[in-house]
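Peer 1: what follows is a predicted structure for the sequence shown.
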Amino acid sequence: DQEVTEHRKSLAIRVSGFDVPKPIKLFEDCGFPTALMGAITKQGYEKPTTIQCQALPIVLSGRDIIGIAKTGSGKTAAFVLPMIVHIMDQPELDKGEGPIGVICAPTRELAHQIFIETKKFAKPYGICVAAVYGGVSKLDQFKELKAGCEIIVATPGRLIDLLKMKAVTMVRATYLVLDEADRMFDLGFEPQIRSIVGQIRPDRQTLLFSATMPYKVERLAREILSDPSRVTVGEVG
Ligand code: ADP
Ligand code: MG
């Protein structure tokens, strides 16, 4: 309605897709469990950033999303917080093997940053997070994945290697995040991304975040997301 449209306009948010939920104003509007609210407060996050205001209610409703917003806008928490909720919602969480949440990022620095951020929110729930990327021992990562975890943060190349080595299986994965999709394309990871996506069940929830939306990324998004809501914040390419 008019009020929601005005609210979006005041935040410089543009949306498309069907039945996009209205943006939230406070983290309290998300219905997060107490321990997650505690972790948010501990981070010093007082209120959601603009992308979080619109992305959180979409992702929490189980919908796929394309999120376009510039660097530093708080995209990580926009996919990590609902991922924790998604994992806690799984029946028989202690059974089964392989990660439930899979996050792909273009570089080891980014994967490491996401890993650190994710651990802060996963810790209160005892959810295990593993990071796999190049430049460090593949054998160590093999062992770590074999030991089991609920979330993997990975660069596409190293994840493919470990999948081939059968260090991990994607049978249980239902929440896939492609972060900085444009940069992953620039680095030539399209084949690896397609291969990873092909190993994850089609009824997964898929989230794609990018600072820009070149045609190649748009084309992949159309292929691998189901009826996504699209959120653009500010003036981005
Ligand atoms: P992006 O992925 O969009 O580049 P990040 O997720 O890395 O942005 O977030 C940028 C910075 O903002 C990080 O230091 C993060 O801890 C901080 N941040 C994220 N959400 C909030 C919030 N709601 N309130 C305050 N700081 C936040
Ligand atoms: Mg980011």
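Peer 2: It's in. Ligands and ions are numbered 1, 2, ... in the order given.
Peer 1: could you pull out the helices in the protein for me?
Peer 2: 2-10, 34-42, 50-60, 75-88, 108-122, 138-147, 156-164, 181-186, 190-198, 215-224 (DSSP state H).
Peer 1: pick the most buried one from those helices.
Peer 2: Highest mean neighbour count of the helices of the chain: helix 50-60, a mean of 25 (counted as mean count of other Cβ atoms under 10 Å). (Glycine included, C-beta is placed from N, CA and C.)
Peer 1: with just CA atoms, put that one into PDB.
Peer 2: Extracted in PDB, the C-alpha atoms of helix 50-60 (Å, rounded to 0.1, in the frame of the first residue of the first chain):
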ATOM      1  CA  THR A  50      18.600  -0.600   4.800                       C
ATOM      2  CA  ILE A  51      19.300  -3.800   2.900                       C
ATOM      3  CA  GLN A  52      18.600  -5.800   6.100                       C
ATOM      4  CA  CYS A  53      15.200  -4.000   6.600                       C
ATOM      5  CA  GLN A  54      14.000  -5.400   3.300                       C
ATOM      6  CA  ALA A  55      16.000  -8.600   2.800                       C
ATOM      7  CA  LEU A  56      15.300 -10.100   6.300                       C
ATOM      8  CA  PRO A  57      11.500 -10.400   6.000                       C
ATOM      9  CA  ILE A  58      11.900 -11.800   2.500                       C
ATOM     10  CA  VAL A  59      14.400 -14.400   3.400                       C
ATOM     11  CA  LEU A  60      12.700 -15.300   6.700                       C
END
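Peer 1: contacts for that helix next, please.
Peer 2: 8, 11-13, 15, 20-25, 29-31, 48, 65, 67, 69, 73-75, 77-79, 81-82, 85, 205, 207, 229, 231, 233-234 (Cβ atoms under 8 Å, 6 or more residues apart in numbering).
Peer 1: do the same with stretch 86-96
Peer 2: Residues from elsewhere that reach stretch 86-96, judged by Cβ under 8 Å, 6+ apart: 33, 100-101, 125, 127, 150-151, 171-172, 174-175, 205.
Peer 1: please tell me how far G188 sits from R63.
Peer 2: Using Cβ to Cβ, to the nearest Å, one gets 30 Å for the distance from G188 to R63.
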